[in-house]
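Trainee: Okay, predicted coordinates and the sequence, questions at the end:
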Amino acid sequence: MASDTRPRSLSSAATRNALATVAYRSSSLLVGLMLTPFVLHRIGAELYGIVVAASSAYEHLSLLRGGIGSALRRFVTVHHHGGRSDEADRFYAAGFWWSALFRTAILIMALALAAPLAHFLHAPAPHLADSIAGIALVFVAAVLSDTSAVLEVPVYATGRVAFLSIFWASLQWLRLGFTVLGFYLLMPRLAVFGGAAVATEITSLVVLVLFAERARVVRSAIPRPALGTPAIRRELFSYGGLAILFQASIVLYLSTDQILIGRFFGPGAVAHYSMGTRWYPVIFGFIVAAISSLTPLFTSMDARGESERSRDAVRRVVAVACVIAVPTCLAPCVVGDRFLAAWVGNEYRDSSRYLIAMLAPLVLEAAAAPLWMALQARGRIGLVTGIQVPVAVGNVALSLVLGLGLHMGPLGFALGNTAALIVKNVILLAWLVRWPDPGVPGPAAVARPLALALLGGLPGLAALFLARPLYLHGLPFVMIAGAIGGALALAGSGVATLGPTGVRSLIGMARRAVGASS
């Protein structure tokens, strides 16, 4: 075990992690741009909607994991950076085997639900058997993916997770290859799509075992069977229970929407809804996943009692998040209808309504994301859950009222998400005014940089809107126009928020991080 677990340079490690995460998300975006129309136009909107709804259904089943993965990330990281390697090993072993038991139970239930779910979603009769097989294989792949999430904990605990992002990016391309190959060698079927996902996840398990062993955080990536002492179990399940409530609040957004839309409006409506709303997790991943990659670094500061350092670091991350969020969230809103029409067909152009409803409030979500991240890193998951869960439940209720009661259809579900994204962040900022945290800055750290970023990015976004007649034809024209408009908005946001010196400093940090990693 390494004796000095403190990162030599927090800013360097943080920058490498964030850049690698952005690279991974960029790769995922490219894979999605190719894979989605490939699969959609070969199996049709009805079957594609079943795939989306089945994935959402598994998100609900995954709540039975007990939150062990989140608890492991917290406790293994804290004990590792606190120099308590034996405790890190004991927590990992107990969490590994408890999560294995939960995953086994989830897999049994998931396979039993495959046929009822196909009927619930009104799968077309000629494709019922294929739908059941495809749903079952999607569930198997998801359980394998959950296993991979546990195996990556030893690497996560080191705080140097950049190469994990590179690995996940490579895996996306592997899945694309397996899917295309399967469709051409066999036939376009849901079962083939699910089989490609299973093959991809099996590959990830093998590689992650090697990564976990090389991290040298725990003695073995696959530890001997152990369920932990009563104290360890109490810590795991106490934190894990709160983590499950937090995860439930996330599931109650898009995942629940897609299942309800599938039930009330049919799987075809799910496909249309997902064409617009799928960009929320993609864009969210660009910004918030990069911020979340910093969590182990902030957890290590918490373990060493460096509250003031954490507070200052969060302020800097908030400013950068605001700069990135404005063009990344709002430029797609301007070109969304043109992009969808050119990407998957003109019949999906109206899906841009869902895109705008989800991405516009994401600007605030991204700006406040460093605060949520810092609270979780400091173990304040009770506060995070206490805000997120009631808002998420209210989101489902409001979505049903708007979508069914007021006859707004799927748009009502999207607007329910809009309201929830705004409300939960307003509550967080109000809470920090009333009960400040020593390691987390207050609302002013979000309000000022967000306002500056919006003002600085507005000219670039306006230019992108006025230039709409120039990118009428073809996906490449839309994407180039969006990239240029987004770059202009990014430059304006950066200068307005960070100033020329701050922009140069940020670029210099990125260059040094890339140079160090190479």
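Mentor: Received, thanks. Please read these numbers as outputs of a predicted model, since none were measured by experiment.
Trainee: May I have the predicted confidence score for the residue of the chain most remote from its centre?
Mentor: Here the chain reaches farthest from its C-alpha mean at Pro126, the gap being 34.8 Å by CA atoms, centre = their mean. On the pLDDT scale, Pro126 is placed at 88.
Trainee: Centre-most residue in the protein?
Mentor: Nearest to the geometric centre of the chain sits Gly285, at 4.7 Å (CA atoms, centre = their mean).
Trainee: List the residues that contact that residue.
Mentor: Applying CB atoms under 8 Å, 6 or more residues apart in numbering, we find Gly285 in contact with Arg25, Ser28. Glycine gets a C-beta too; all of them are placed from N, C-alpha and C.
Trainee: I'd like the distance from it to Val440, if you could.
Mentor: Applying CB to CB, to the nearest Å, the value for Gly285 to Val440 is 23 Å.
Trainee: Kindly report the same for Ile259.
Mentor: According to CB to CB, Ile259 stands 35 Å off from Val440.
Trainee: Pick out whichever of these two has more residues nearby.
Mentor: Higher neighbour count among Ile259 and Val440: Val440, with 25 against 21, using other CB atoms under 10 Å.
Trainee: Give me the domain ranges for this protein.
Mentor: The chain breaks down by automatic domain parsing into domains covering 9-244, 252-518.
Trainee: Quick one: low-confidence residue ranges for this structure.
Mentor: Where the chain drops to pLDDT under 70, the residues are 1-19, 159-162, 242, 246-247, 251-254, 289-290, 292-297, 303, 509-518.
Trainee: Where do the strands of it begin and end?
Mentor: For the chain, no strands are identified by DSSP state E.
Trainee: for it, which helix is longest?
Mentor: As assigned by DSSP state H, the longest helix anywhere in the chain is helix 10-61.
Trainee: From the chain's centre, how far out is it? Work that out for me.
Mentor: How far helix 10-61 lies from its chain's middle: 9 Å, per CA atoms, centre = their mean, to the nearest Å.
Trainee: quick one: contacts for the nearest residue to Ile427 once chain neighbours are set aside?
Mentor: Spatially, and ignoring its direct neighbours in sequence, Ile427 is nearest to Ile387 (5.2 Å; CB to CB, 6 or more residues apart in numbering). By CB under 8 Å, 6+ apart, the contact set of Ile387 is Lys424, Ile427, Leu428, Trp431.
Trainee: Please repeat the previous calculation with a cut-off of 10 Å.
Mentor: Going by CB atoms under 10 Å, 6 or more residues apart in numbering, Ile387 touches Phe246, Ser249, Trp372, Leu375, Val423, Lys424, Asn425, Ile427, Leu428, Ala430, Trp431.
Trainee: hmm, which of the residues you listed are the buried ones?
Mentor: Phe246, Ser249, Trp372, Leu375, Val423, Lys424, Asn425, Leu428, Trp431 (16 or more other CB atoms under 10 Å).
Trainee: Was I right to think the fifth one contacts Glu365?
Mentor: It stands for Val423. No - the criterion here is CB atoms under 10 Å, and Val423 misses it with Glu365 at 11.1 Å.
Trainee: Between these two, which contacts overlap?
Mentor: Counting by CB under 10 Å, 6+ apart, Val423 and Glu365 have no contacts in common.
Trainee: isn't Leu402 right up against Phe413?
Mentor: Yes - in this structure, Leu402 is within contact of Phe413 by CB under 10 Å, at 7.2 Å.
Trainee: Who has more neighbours out of the two?
Mentor: Phe413 (30 against 20).
Trainee: Contact partners for that one?
Mentor: Listed by CB under 10 Å, 6+ apart, the contact partners of Phe413 are 253-254, 256-258, 260-261, 264-265, 273, 277, 354, 357, 395-396, 398-400, 402-404.
Trainee: from the residues you listed, which would you call buried?
Mentor: Of these, these count as buried by 16+ other CB under 10 Å: 253-254, 256-258, 260-261, 265, 273, 277, 354, 357, 395-396, 398-400, 402-403.
Trainee: about what we covered before: which two in the contacts of Ile387 are spaced the farthest apart?
Mentor: The span of the contacts of Ile387, defined through CB to CB, is set by Phe246 and Ala430 at 19.2 Å.
Trainee: ok, and the closest non-adjacent residue to Pro459?
Mentor: Leaving out its chain neighbours, the residue that sits closest to Pro459 by CB to CB, 6+ apart is Gly492, at 5.7 Å.
Trainee: tell me, how many neighbours does the one you found end up with?
Mentor: Neighbours around Gly492, by other CB under 10 Å: 24.
Trainee: and what of Ala114?
Mentor: 20.
Trainee: which one is Met301 nearest to, not counting chain neighbours?
Mentor: Nearest non-adjacent residue to Met301 (CB to CB, 6+ apart): Ser310, at 4.7 Å.
Trainee: residues in contact with that neighbour?
Mentor: 10, 297-302, 304, 374, 377-378, 437-441.
Trainee: same thing but at 7 Å, please
Mentor: By CB atoms under 7 Å, 6 or more residues apart in numbering, the contact set of Ser310 is Phe298, Met301, Asp302, Ala374, Gly439.
Trainee: ok, the residues you listed vs Gly195, which is closest?
Mentor: Nearest to Gly195, judged by CB to CB, of the contacts of Ser310 is Phe298 at 39.7 Å.
Trainee: Distance of the closest residue to that closest one other than its chain neighbours relative to His41?
Mentor: Residue nearest to Phe298 in three dimensions, not counting chain neighbours: Ala377, with 3.6 Å by CB to CB, 6+ apart. Distance, Ala377 to His41, by CB to CB: 43 Å.
Trainee: Which one of the two is surrounded by more residues?
Mentor: Ala377 (28 against 13).
Trainee: Verify the stated contact: the more buried one with Thr299.
Mentor: Yes - between Ala377 and Thr299 there is a contact at 4.5 Å, judged by CB atoms under 7 Å.
Trainee: What about the closest residue to His81 other than its chain neighbours, how many residues nearby?
Mentor: Nearest non-adjacent residue to His81, counting by CB to CB, 6+ apart: Ser300, 4.1 Å away. Per other CB under 10 Å, the neighbour tally for Ser300 reads 25.
Trainee: Tell me who's in contact with Leu475.
Mentor: Ala342, Trp343.
Trainee: repeat for Gly379
Mentor: Arg74, Asp302.
Trainee: so how far is Val393 from the residue nearest to Phe298?
Mentor: Separation of Ala377 from Val393 (CB to CB) stands at 26 Å.
Trainee: what do you get for Ile50?
Mentor: 26 Å.
Trainee: go on, Val288?
Mentor: 22 Å.
Trainee: So if I had to pick from the two, which one is more boxed in?
Mentor: Shown here are Val288 and Val393; by other CB under 10 Å, Val288 has more neighbours (23 against 14).
Trainee: any idea how far Glu365 is from that one?
Mentor: Computed with CB to CB, the distance linking Val288 and Glu365 is 7 Å.
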